[in-house]
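**Student:** kindly generate the corresponding structure for this input.
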Amino acid sequence: MLLALLAAFDAGRPAHLAAAHRALVTLPVTDQLRLGAARFSDDGLEAVTYRQFSDTFCLLIAPIDPSPVPSFRAVAEEDRRAHLEAARAKVDERACRARLDHVCDALMEASIPERYKSASSSLAIDWTDHESFARPRPRDDPQPSADPDASFGHAKRNAPGAKDCLFYGYYGQVATMVRNEGGEKVPELVRRVCLEAPRVDPAKVMAKTLRRGAPSGLLEGDVLADCGYSNRDPATFARPLRAAGVRLVFDLHPTDRGPKGTFEGAILCNGRLYCPATPPALFALGPLRRGASAEETARHDEATEELARYKLSRISGRDGDGYERVICPAAAGRLRCPLRASSMALSNDRPSVLVPPSLPPRCCSQQTITVPPVVNEKTAQAHDYPSRAWRLSYNRRTAAERSFAHVADPSSGGIRRGWSRVFGVAKNSLLYALHFLVHNVRLLESFETRRAEEARRAAIGPSRRTRRRRRRYENDEPTRKPAPDEILVSPD
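**Tutor:** Predicted structure coming up:
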């Protein structure tokens with residue numbers, strides 16, 4: 001069954017049981033006999049029928065389906081809701097959901113060779129809309145939809161001219177492997193997938209999915225996310241991931257940027273504590289705009305470095321309860337402040353506090369203060385926002401968007417409405433995981449082929465034509481623009 005679905009996906013067909021059945025019956029006869037899809041009888045070779053294939057698929061899904069969707073063909077319209085409630089009362093939703101999550105995780109791990117599982121410890125996460133083939137019922141209709149597990153969600157379109165809209169279906173999420181900071185390039189394989197209705201918080205679902213992989217070493221590095229995750233309740237996303245030892249790198253929602261109160265006199269801004277004498281103009285810094293010039297980038301990085309001088313730096317890691325110690329920037333020797341006599345002996349290239357607080361708060365009267373875990377719990381991350389180090393680290397997150405783009409390509413049976421015509425979260429989750437399994441296999445083959453070609457070219461060296469061209473350009477004198485006083489002007 002699973003091999004037939006994989007064969008259909010590999011051939012660029014949609015996730016239809018009819019397409020999987022056609023892929024199965026078109027295999028060589030020896031393979032059909034080996035897989036049990038055909039048998040010899042008195043009438044000759046008999047292949048499995050579509051009805052047998054679909055019934056086998058339903059039997060395969062039943063043990064992992066937490067909310068079964070029964071067939072309503074033989075059920076009267078007024079009895080649909082009662083029939084649905086009776087069918088779901090017969091299953092243990094928690095046990096079925098655990099088995100479904102285990103199957104999806106095992107499928108993704110099986111698609112990644114052992115030599116690549118430890119190649120990187122950083123993950124990029126993102127979600128996108130997965131529209132159901134069913135249509136929602138009108139509000140005044142008491143009967144359930146053909147896909148009662150689905151719900152309405154918001155689809156954000158970043159393409160030029162496209163508008164945001166509502167859709168009826170699921171949120172599909174991926175956790176894609178990316179290179180570590182300063183590490184070598186790795187294949188952007190999808191390590192985890194999950195599918196859930198939009199009525200369930202997607203950040204909470206992804207946090208649970210990642211924490212299930214913690215015993216196998218999945219959570220040992222960075223987790224890169226956009227503001228859709230960082231703006232959620234920290235109790236369901238940021239807190240459990242930090243407790244698992246994850247370094248979060250994410251974009252901040254516009255409502256979470258800038259000063260957000262004080263703690264012991266220090267200003268809370270962008271997930272950090274800053275000196276109360278920090279210039280307000282530095283708090284208005286935002287992320288670098290797309291397409292910024294080199295001059296704008298240099299000015300932005302210089303301003304973020306200036307802001308970092310006013311930061312209260314961490315001098316000890318978080319203890320078992322999440323508490324940490326931070327030190328005053330003047331006591332750390334990063335700026336000059338009259339409240340710290342020793343800092344006034346520093347060179348003038350450091351910023352100076354001209355007007356210190358008349359009534360020094362605790363962050364100014366003490367060298368260090370203790371910060372509880374609830375302070376900046378929602379916005380704290382690995383790098384100062386929006387510094388250059390944060391920008392270079394966060395840019396790796398686009399790997400998750402590339403994973404969605406690859407599986408949405410129409411040439412490979414792209415995921416869109418009608419790609420899957422089965423109903424229920426279990427069936428759609430299984431097909432979703434199988435499609436990304438095929439994506440991993442294709443991506444790995446392409447990556448290894450490209451790396452072998454690069455190694456071959458490096459071994460044989462550049463071609464004769466390339467060497468000749470390099471020698472010619474090395475021997476040529478660089479052209480120089482004439483100065484204005486060297487331009488000859490005709491007397492005419």
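**Student:** contact partners for C328?
**Tutor:** Listed by Cβ atoms under 8 Å, 6 or more residues apart in numbering, the contact set of C328 reads 275, 312, 337, 340, 363-364, 366-368. C-betas here are computed from N, CA, C, even on glycine.
**Student:** where exactly do the helices run in the stretch 251-400 of the chain?
**Tutor:** 280-283, 294-308, 362-365, 388-394, 398-407 (DSSP state H, counting those that start in this stretch).
**Student:** could I get the average pLDDT for the longest one?
**Tutor:** Averaged across helix 294-308, the pLDDT comes to 93.
**Student:** follow-up on the earlier one: quick one: which of the helices of the stretch 251-400 of the chain is nearest F53?
**Tutor:** Taking Cβ to Cβ, helix 398-407 is the member of those nearest to F53, at 24.0 Å.
**Student:** helices or strands up against whichever helix or strand comes after that closest one?
**Tutor:** Scanning forward in sequence from helix 398-407 by DSSP states H and E, the next helix or strand is helix 425-460. When contacts are defined as 3 or more Cβ pairs under 8 Å, 6 or more residues apart in numbering; DSSP states H and E, helix 425-460 packs onto helix 2-10, helix 50-61, helix 93-110, strand 165-178, strand 190-196, helix 398-407.
**Student:** so which of those gets nearest E448?
**Tutor:** Per Cβ to Cβ, nearest to E448 of the helices and strands packed on helix 425-460: strand 165-178, 15.1 Å.
**Student:** how far away from the center of its chain is that closest one?
**Tutor:** 10 Å (Cα atoms, centre = their mean, to the nearest Å).
**Student:** how about stretch 348-360?
**Tutor:** Distance, stretch centre to chain centre, for stretch 348-360: 42 Å (Cα atoms, centre = their mean).
**Student:** average pLDDT for that stretch, rounded please.
**Tutor:** 86.
**Student:** out of the helices and strands packed on helix 425-460, deepest packed?
**Tutor:** strand 190-196 (a mean of 25; mean count of other Cβ atoms under 10 Å).
**Student:** orientation of that one relative to strand 165-178 in degrees?
**Tutor:** If you take axes from the mean of the first three to the mean of the last three Cα atoms, to 10 degrees, strand 190-196 sits at 160 degrees to strand 165-178.
**Student:** quickly list what L195 is bridged to.
**Tutor:** With DSSP bridges as the criterion, L195 is bridged to G172.
**Student:** now it: how far from P202?
**Tutor:** Using Cβ to Cβ, to the nearest Å, L195 is found at 10 Å from P202.
**Student:** what residues are up against E296?
**Tutor:** So E296 contacts 288-289 (Cβ under 8 Å, 6+ apart).
**Student:** pull the number of nearby residues for D226.
**Tutor:** Per other Cβ atoms under 10 Å, the neighbour tally for D226 reads 19.
**Student:** for it, give me phi and psi.
**Tutor:** Backbone dihedrals for D226, given as degrees, to the nearest 10, come out at phi -90, psi -170.
**Student:** report the separation between the closest residue to G258 other than its chain neighbours and C275.
**Tutor:** Nearest residue to G258, sequence neighbours excluded (Cβ to Cβ, 6 or more residues apart in numbering): F283, at 5.7 Å. F283 is 12 Å from C275, where distance means Cβ to Cβ.
**Student:** now the common contact residues for these two.
**Tutor:** Common neighbours of F283 and C275 (Cβ under 8 Å, 6+ apart) are I267.
**Student:** so for those two, which sits in the more crowded spot?
**Tutor:** For F283 and C275, the more surrounded residue by other Cβ under 10 Å is C275, and the numbers stand at 24 against 16.
**Student:** distance check, Q381 against L241.
**Tutor:** Separation of Q381 from L241 (Cβ to Cβ): 11 Å.
**Student:** hey, what's in contact with both of those two?
**Tutor:** By Cβ under 8 Å, 6+ apart, the residues touching both Q381 and L241 are L248.
**Student:** of the two, who's got more company?
**Tutor:** Set Q381 next to L241 and count neighbours by other Cβ under 10 Å: Q381 wins out with 26 against 23.
**Student:** so who does the more buried one touch?
**Tutor:** By Cβ under 8 Å, 6+ apart, the contact list for Q381 reads 247-250, 271, 390.
**Student:** can you check C165 too?
**Tutor:** 154-155, 157.
**Student:** now with 7 Å, please.
**Tutor:** Listed by Cβ atoms under 7 Å, 6 or more residues apart in numbering, the contact set of C165 reads A155.
**Student:** with mean pLDDT and distance to S41 added, can I get the helices and strands packed on helix 425-460 in TSV?
**Tutor:** Formatted as TSV, the helices and strands packed on helix 425-460 follow (pLDDT from 0 to 100; distance: least, Cβ to Cβ, whole Å):
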stretch	mean pLDDT	distance to S41
helix 2-10	57	21
helix 50-61	81	14
helix 93-110	89	34
strand 165-178	92	42
strand 190-196	93	40
helix 398-407	91	40
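**Student:** columns distance to P234 on top of the ones you listed, output as JSON lines?
**Tutor:** As requested, the helices and strands packed on helix 425-460 are arranged in JSON lines below (distance: least, Cβ to Cβ, whole Å):
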{"stretch": "helix 2-10", "distance to P234": "37"}
{"stretch": "helix 50-61", "distance to P234": "35"}
{"stretch": "helix 93-110", "distance to P234": "23"}
{"stretch": "strand 165-178", "distance to P234": "18"}
{"stretch": "strand 190-196", "distance to P234": "20"}
{"stretch": "helix 398-407", "distance to P234": "21"}
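**Student:** was I right about the residue nearest to G258 contacting N270?
**Tutor:** No. Contact criterion Cβ atoms under 7 Å: F283 and N270 do not qualify, at 8.2 Å.
**Student:** so F237 makes contact with D201?
**Tutor:** No. Look at F237 against D201 with Cβ under 7 Å: they stay out of range, at 8.2 Å.
**Student:** ok, these two, which is more surrounded?
**Tutor:** For the pair F237 and D201, the greater number of neighbours falls to F237 (27 against 15), based on other Cβ under 10 Å.
**Student:** name the nearest residue to that one, ignoring sequence neighbours.
**Tutor:** Going by Cβ to Cβ, 6+ apart, F237 has A203 as its nearest residue, at 4.1 Å.
**Student:** could you give me the buried positions within the host helix or strand of that neighbour?
**Tutor:** Here A203 sits within helix 202-212, counting by DSSP H and E. Neighbour-count burial for helix 202-212 flags 202-207, 209-212 (criterion: 16 or more other Cβ atoms under 10 Å).
**Student:** isn't F133 up against R421?
**Tutor:** Yes. Applying Cβ under 7 Å, one finds F133 in contact with R421, separated by 4.6 Å.
**Student:** residues contacting S387?
**Tutor:** Contacts of S387 (Cβ under 7 Å, 6+ apart): 304, 308.
**Student:** quickly list what the residue most central in space within the chain is bridged to.
**Tutor:** In the chain, the centroid-proximal residue (Cα atoms, centre = their mean) is I125; its distance is 1.3 Å. Per DSSP bridges, the residues bridged to I125 are A175.
**Student:** contacting residues for it?
**Tutor:** I125 neighbours (Cβ under 7 Å, 6+ apart): 173, 175, 206, 223-225, 229, 400.
**Student:** would you turn these into CSV with distance to A20?
**Tutor:** Below are the contacts of I125 laid out as CSV (distance: Cβ to Cβ, whole Å):
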residue, distance to A20
Q173, 24
A175, 26
M206, 29
V223, 34
L224, 35
A225, 34
Y229, 34
A400, 28
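**Student:** for those residues, work out which two are farthest apart.
**Tutor:** Pairwise distances across those peak at 13.4 Å for Q173 and L224 (criterion: Cβ to Cβ).
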